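Visitor: please find the sequence and the predicted model below.
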Amino acid sequence: MDTRKRIVVIGGGTGTYTILSGLKRRKEWSLSAIVTMSDDGGHTGELRDNLGVLPPGDLRQCLVALSNDQDDTWRRLFSHRFADGSGNMTGQSVGNIILSALEKIHGNPISALQTAHRLLNVRGQVIPVTLEATKLCAELTDGHTIVGEHLIDDADGPRAPIQRCFLENAVHANPEAVAEIQNADLVILGPGDFWTSLVPNLIVPGITDALTSLQRAGGKILFVCNLVTKKGQTDDYTASTFASKLDEIISPVRIDEILLNSRPPSPEIIERYREEGEHLVRDDLDPRDRRVLRKPIISGDISIAASGDKLRRSLLRHDPDGLAHAVSLILQEEG
C-alpha cells in the first residue's frame with residue numbers, strides 16, 4: 001500500500017514548473033500536475049492552430065520539471081528552443097513539437113502523454129484539465145470581453161480590470177484530473193499568472209466539485225500567492241485581493257492555507273518591475289490569520305528568457321526548495 005502523501009498542483013506556466021521542480025526531490029510524496037488547456041499564444045498557439053492538437057507548452061514544462069531522465073538527454077531535448085536565426089523555427093520548443101507529433105501518431109493526447117512520461121522517466125503524472133479544445137475569455141468591468149488567453153495575457157495599453165473569466169465553449173473535466181483532486185491530501189493552487197494559468201483550470205465544470213469532495217474527505221487546499229502583480233491582469237492586487245477572488249471562484253470551498261513570501265528582492269529589481277507598471281504583491285493579510293504562512297520563498301536568481309522566446313517572462317521566481325520546505329511544514333501540521 002502506497003503511504004506517501006498525495007499532492008496535486010494545479011496551474012500552468014513557469015510557476016507550476018518551479019514548484020514541481022522542488023517537490024520532485026521529496027521522495028515521500030506522490031505528485032500530480034493538472035494543467036490548463038486554454039493556452040493559445042506564442043509557439044504553443046501556432047501548433048494548436050496549425051495541427052489541431054491540445055496546447056503542448058504547459059504540459060511540456062510540467063513533464064520536464066518532473067523528469068528523472070538519468071543522463072538528462074531527453075530532458076534537455078524537450079527543453080531546447082531553436083535560437084534566433086533559425087528561420088521559421090526561431091524560438092520554437094523541441095518538446096512542443098515532439099508532444100504534437102506524438103498526439104498525431106497516437107491519435108489522442110492521453111497516449112501521447114503516456115509515451116512522453118516513459119521517454120522522460122517522469123516521477124508522477126501530468127494531466128490535462130480537459131481533453132477538449134477551448135478558448136479563455138475575460139469579461140472586463142466596463143462590459144467588454146476579450147477572447148483568447150494571449151490577448152488577456154498581453155495588455156496593449158490601459159484597459160478596465162478583469163471581472164471574471166469563462167470558457168468560450170462548454171467542455172468537460174478530464175475524469176483523471178477529477179479523481180486525482182478527490183483523492184489528494186493536499187491541492188496546491190499556483191504560483192503563476194492568476195487569470196491565465198490558474199483560473200482556467202478552476203472554471204472547467206467539475207473541478208470545484210472535486211475540490212469540495214477533497215475538503216469533505218479531509219484534504220487541504222494551499223494557495224501560493226504571486227510575488228508581483230501583472231499589468232492588465234492583477235493591477236493593484238494585494239495578498240487579500242488574490243485570496244478573496246480565489247475563494248469566490250472555488251466557492252463553496254475555501255482556501256485552507258496561504259503561502260506568502262517574506263523576503264524582499266533588491267531595490268533594483270523592484271524598480272525594473274515598476275517601470276513596467278508592475279509591483280510587489282503587498283501583504284495586507286491579518287497577522288492573526290491562522291491560514292497564512294510567511295516564509296522566504298523568493299529565488300536569488302534572476303530569470304533570463306531563452307533566445308527567440310516570444311513571451312515576456314517574469315524576472316523574479318519562487319525558490320523551488322523553499323516552496324518544498326514550506327509544503328512539508330504544512331503537511332506536518334496536518335499530522
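Guide: Looks like it came in fine. Owing to the predicted nature of the structure, the values given are computational and were not obtained by experimental measurement. Numbering: from 1, shown residues only.

Visitor: give me the neighbour count for residue 9.
Guide: For residue 9, the tally of surrounding residues (other Cβ atoms under 10 Å) stands at 32. Yep, even glycine has a C-beta here, placed from its N, CA and C like the rest.

Visitor: close enough to count as contact, it and residue 34?
Guide: Yes. Assessed by Cβ atoms under 8 Å, residue 9 is found in contact with residue 34 at 7.2 Å.

Visitor: which helices and strands does the helix or strand hosting residue 104 pack with?
Guide: Here residue 104 is covered by helix 94-106, with elements defined by DSSP states H and E. Where contact means 3 or more Cβ pairs under 8 Å, 6 or more residues apart in numbering; DSSP states H and E, helix 94-106 is packed against helix 42-51, helix 57-65, helix 73-79, helix 109-120.

Visitor: ok, and for that helix, which residues are buried?
Guide: By 16 or more other Cβ atoms under 10 Å, the buried positions in helix 94-106 come out as 94-100, 102-103.

Visitor: please apply the same query to stretch 253-266.
Guide: Result for stretch 253-266 [16+ other Cβ under 10 Å]: buried residues 253, 255-261, 265.

Visitor: of those residues, which is the nearest to residue 65?
Guide: residue 259 (18.3 Å; Cβ to Cβ).

Visitor: residue 260 is in contact with residue 285, isn't it?
Guide: Yes. Contact criterion Cβ under 8 Å: residue 260 and residue 285 qualify, at 7.2 Å.

Visitor: give me the common contacts of those two.
Guide: Overlap of the contact sets of residue 260 and residue 285 (by Cβ atoms under 8 Å, 6 or more residues apart in numbering) consists of 239, 292.

Visitor: as a check, name the ranges of all helices in this structure.
Guide: Assigned by DSSP state H, the chain shows helices spanning 13-23, 42-51, 57-65, 73-79, 94-106, 109-120, 149-153, 175-182, 199-202, 207-216, 239-250, 267-275, 320-334.

Visitor: report the separation between residue 237 and residue 216.
Guide: Separation of residue 237 from residue 216 (Cβ to Cβ, to the nearest Å): 30 Å.
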